[in-house]
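Colleague: Sequence plus the predicted model coming up.
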Amino acid sequence: MSGSRTGVVDIRLDCRPAKQGSALLFPYTVQNHGSVDVYVMDCSRNAGLPPPDAKPNPQAAVVLHGPGDDVTVGKFIAPRPTDRRIAMPVIPLARHLPPHETLEGRLDLPTPLAEASPYFGDLPLWQYEVVEVSGLAFTIGYWAAGVDGLAALPLEDAPELFTVVTRNTARSARLVSQRFPTHSLQLFKRTDQFPRTIPGTAGSVATGEAAMA
Amino acid sequence: MNAIARHSPLLVPGRSRLRVKPVDSHFTDAVLRDLLTIRRTCAGRALFRRLREACRVVTIEKPNPPVDPPNAWTQSRDPARRGAIEMVVVYDPADWPGKAPHSALPSDAVLFGRLLDAAAMAEGSDPPEATDGVVSPAIVGYLRDRGGVAVPSSPAGNAQP
């Protein structure tokens, strides 16, 4: 729980991961127990594609090694590359979550897990190293209304989704996580200059009860 | 040699400090069109002069593999060195303008911005980080100089607080 200028921010994440075939499924809910509206990161948009392929993609995920021996998976602002200057920062589209309401979502990821970011294309297989992770931190990013001059613009073709802008959109983002201990879960870790420091303020980290295979 | 390149010695492959990696003819033609559009402006000619001073060579490449959502970037071929080095600009003109408000720039303005970053990086200065929804003053100036296109507005322009 944390405070903002206009009220209390208290966001809770509840994820029940499961395995189905070769995919990891992350059905989750985000509950707003605070007193301020929040905007929860949900989709990326295939900005350069013509309709209908320009639909928001709720399965776009960031996957990166860390912290420690864990892997972090979820919907949040990807760390910016350090080896290049990018033209357009990639900021997820968000859903509005008023106080005392709950939002449902689901993320499906194929296994083996591989590090992924909207700023990097896939590497050839030989440019990954396989590491075993000891835990998986399922993480969702959000912004609190009224913080850092936040403004939210609904999309014309999907008014339930918002483009969020603040004075510093990446830095004012917050994170909520749920950690699951894992056993024998492998990650394909990139060997290029893949950045792994997540922007934003870390919020609550809950521990999931069910260990993942 | 490409028909467009014949009209501009600046762009002749192999003799220029500005090179286009020839992935396919559509890509090469579109990049050359963007370069010629840039060259028609005062800001563009000034930028090319800066690049000639600062960079040994600038290579323009298509993202391979592509990223999702499409993006563009500038990087050094040899990040450890400063000075007259090779810079790489990665973009695909076919990706621009995109559908989202933040990607509404025309492809030549995207290339102009990446070449500005290349010049700044080769000169040893850190260009400012791109900011979500904000078009840099240099690109706004270029678009005014270029004419024929409205400067895209910030997505925050009509936002609800």
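Modeller: Looks like it arrived, so ask away. Residues are numbered from 1 along each chain as shown, chains lettered A, B, ... in the order given.
Colleague: The helix or strand hosting B:Arg33 close to chain A?
Modeller: Here B:Arg33 sits within helix B:25-39, counting by DSSP states H and E. No: judged by Cβ under 8 Å from any Cβ of the partner chain, helix B:25-39 stays clear of chain A, getting no closer than 13.4 Å. Heads up, the C-betas are built off the backbone N, CA and C, glycines and all.
Colleague: Enumerate the positions of that helix that are buried.
Modeller: Judged by neighbour count (16 or more other Cβ atoms under 10 Å in any protein chain shown), helix B:25-39 contains these buried residues: B:27-32, B:34-38.
Colleague: Determine the three-state secondary structure at residue 59.
Modeller: Just going to use chain A. A:Gln59 falls in the coil class when you classify it by DSSP: H, G, I helix; E, B strand; the rest coil.
Colleague: got the contact list for it?
Modeller: A:107-108 (Cβ atoms under 8 Å, 6 or more residues apart in numbering or on different chains).
Colleague: Could I get the pLDDT score of it?
Modeller: Predicted confidence (pLDDT) for A:Gln59: 86.
Colleague: Please report the distance of it from A:Asp108.
Modeller: 6 Å (Cβ to Cβ, to the nearest Å).
Colleague: before we move on, what about A:Val40?
Modeller: Distance from A:Val40 to A:Asp108, by Cβ to Cβ: 18 Å.
Colleague: Look at these two and report which has more neighbours.
Modeller: A:Val40 (23 against 13; other Cβ atoms under 10 Å in any protein chain shown).
Colleague: Not counting sequence-adjacent ones, nearest residue to the more buried one?
Modeller: Distances taken as Cβ to Cβ, 6 or more residues apart in numbering or on different chains place A:Tyr142 nearest to A:Val40, at 4.6 Å, with adjacent residues excluded.
Colleague: hang on, the earlier thing: the helix holding B:Arg33 packs against which elements?
Modeller: helix B:3-6, strand B:18-20, helix B:42-54, helix B:107-122 (3 or more Cβ pairs under 8 Å, 6 or more residues apart in numbering or on different chains; DSSP states H and E).
Colleague: if you average pLDDT over the longest one, what comes out?
Modeller: Yep, that's helix B:107-122 we're talking about. 93.
Colleague: any residue of it up close to chain A?
Modeller: Yes: with Cβ under 8 Å from any Cβ as the criterion, chain A is reached by helix B:107-122 at B:110, B:113-114, B:117, B:121.
Colleague: Give me the residue ranges of chain B where confidence is low.
Modeller: Applying pLDDT under 70 to chain B flags residues B:1-16, B:79-84, B:99-103, B:127-134, B:148-161.
Colleague: give me that answer again for 80
Modeller: Scanning chain B for pLDDT under 80 picks out B:1-16, B:55-56, B:78-85, B:98-104, B:125-135, B:148-161.
Colleague: Just want the most central residue of chain A.
Modeller: A:Lys75 (1.7 Å; Cα atoms, centre = their mean).
Colleague: any idea how far that residue is from A:Arg95?
Modeller: Distance from A:Lys75 to A:Arg95, by Cβ to Cβ: 10 Å.
Colleague: Can you pull the phi/psi pair for B:Pro22?
Modeller: Per-residue torsions, B:Pro22: phi -80, psi 80 (degrees, to the nearest 10).
Colleague: How about it, nearest residue that isn't a chain neighbour?
Modeller: What sits nearest to B:Pro22 in space, not counting adjacent residues and going by Cβ to Cβ, 6+ apart, is B:Thr28, at 5.3 Å.
Colleague: Distance-wise, check the one you found relative to B:Asn71.
Modeller: Per Cβ to Cβ, B:Thr28 is found 20 Å from B:Asn71.
Colleague: elements contacting the host helix or strand of A:Val130?
Modeller: Using DSSP H and E, A:Val130 maps to strand A:128-144. If contacts are counted by 3+ Cβ pairs under 8 Å, 6+ apart, strand A:128-144 sits against strand A:11-15, strand A:23-32, strand A:38-45, strand A:70-75, strand A:93-97, strand A:174-190.
Colleague: tell me which residues in the fourth one are buried?
Modeller: Taking 16+ other Cβ under 10 Å as the basis for neighbour counts, the residues of strand A:70-75 that come out buried are A:70-75.
Colleague: Pull the distance from it to the chain's centre.
Modeller: Chain-centre distance of strand A:70-75: 7 Å, with Cα atoms, centre = their mean, to the nearest Å.
Colleague: Can you give the strand pairings for it, parallel or anti for each?
Modeller: Strand pairing for strand A:70-75, determined by DSSP bridges: strand A:62-65 (antiparallel), strand A:128-144 (parallel).
Colleague: Can you give me the buried ones in the last one?
Modeller: This means strand A:128-144. So strand A:128-144, judged by 16+ other Cβ under 10 Å, has buried residues A:128, A:133, A:135-144.
Colleague: pLDDT below threshold where in chain A?
Modeller: Counting by pLDDT under 80, the ranges of chain A that qualify are A:1-6, A:45-56, A:157, A:200-213.
Colleague: how does it look with 70?
Modeller: A:1-6, A:45-55, A:201-213.
Colleague: among the helices and strands packed on helix B:25-39, which is the most enclosed?
Modeller: helix B:107-122 (a mean of 24; mean count of other Cβ atoms under 10 Å in any protein chain shown).
Colleague: What angle do helix B:25-39 and that one make with each other?
Modeller: Interaxial angle of helix B:107-122 relative to helix B:25-39 (axes from the mean of the first three to the mean of the last three Cα atoms, to 10 degrees): 70 degrees.
Colleague: Just name whatever secondary elements helix B:107-122 is in contact with.
Modeller: If you count contacts as 3+ Cβ pairs under 8 Å, 6+ apart, helix B:107-122 packs onto strand A:85-86, helix B:25-39, helix B:42-54, strand B:55-61, strand B:73-76, strand B:85-90, helix B:137-146.
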